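> missing the sequence, but the structure's below:
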């Protein structure tokens, strides 16, 4: 796992914690799992899903009644990210302030990360 001892993988703003706790109680779930998948115009997208079971490989972050699980394949991409929840006149939603993102599309729905290392020869 990609972690610094004593430091959480992500931080959760008070507004995000309130919203996550509200969603957890509404759905009777164990929390929200955050991940990354290929897609969007910048190449990658965040995923969020209710979960009823915590995967033993998930990084679990708990704050003020909110529980977020970071999927194993997303942990190195999300390290240092702040999860916030913003409400405006036109929209409401979770916002990810991720220092690992090098590019985002205009709509803010997809992201790109710097290459961590060059692909090895013969890698599929």
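Right, received. Where do you want to start? A quick note: this is a predicted structure, and the numbers were derived from the prediction, not measured.
> where does the chain have low pLDDT?
Low-confidence segments of the chain (pLDDT under 70): 1-7, 42, 103, 106-110, 112, 114-124.
> longest single helix anywhere in it?
Counting residues, the longest helix found in the chain (DSSP state H) is helix 14-27.
> how about the strands of the protein, start to end?
Assigned strands in the chain, in chain order: 10-12, 31-38, 44-51, 59-63, 66-70, 81-87, 92-97, 101-104, 110-113 (criterion: DSSP state E).
> distance from the chain centre to the third one, please.
I take that to be strand 44-51. Relative to the chain's own centre, strand 44-51 is displaced by 7 Å; criterion: C-alpha atoms, centre = their mean, to the nearest Å.
> now do the buried residues in that strand.
For strand 44-51, the neighbour count (16 or more other C-beta atoms under 10 Å) marks 44, 45, 46, 48, 51 as buried. C-beta: built from backbone N, CA, C; applies to glycine.
> and for the first one?
For strand 10-12, burial by neighbour count (16+ other C-beta under 10 Å) applies to 10, 11, 12.
> which member of those is positioned nearest residue 39?
residue 10 (20.6 Å; C-beta to C-beta).
> beta partners of that closest one?
residue 81 (DSSP bridges).
> okay if I get the buried residues of strand 44-51 as CSV plus distance to residue 62?
Shown next, in CSV, are these (distance: C-beta to C-beta, whole Å):
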residue, distance to residue 62
44, 26
45, 25
46, 20
48, 16
51, 14
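> out of everything not next to it in sequence, what's closest to residue 70?
Among residues not flanking residue 70 along the chain, residue 59 sits closest, at 4.1 Å (C-beta to C-beta, 6 or more residues apart in numbering).
> thought that neighbour was touching residue 76?
No - between residue 59 and residue 76 there is no contact under C-beta atoms under 8 Å: 10.4 Å.
> more neighbours, these two?
residue 59 (21 against 16; other C-beta atoms under 10 Å).
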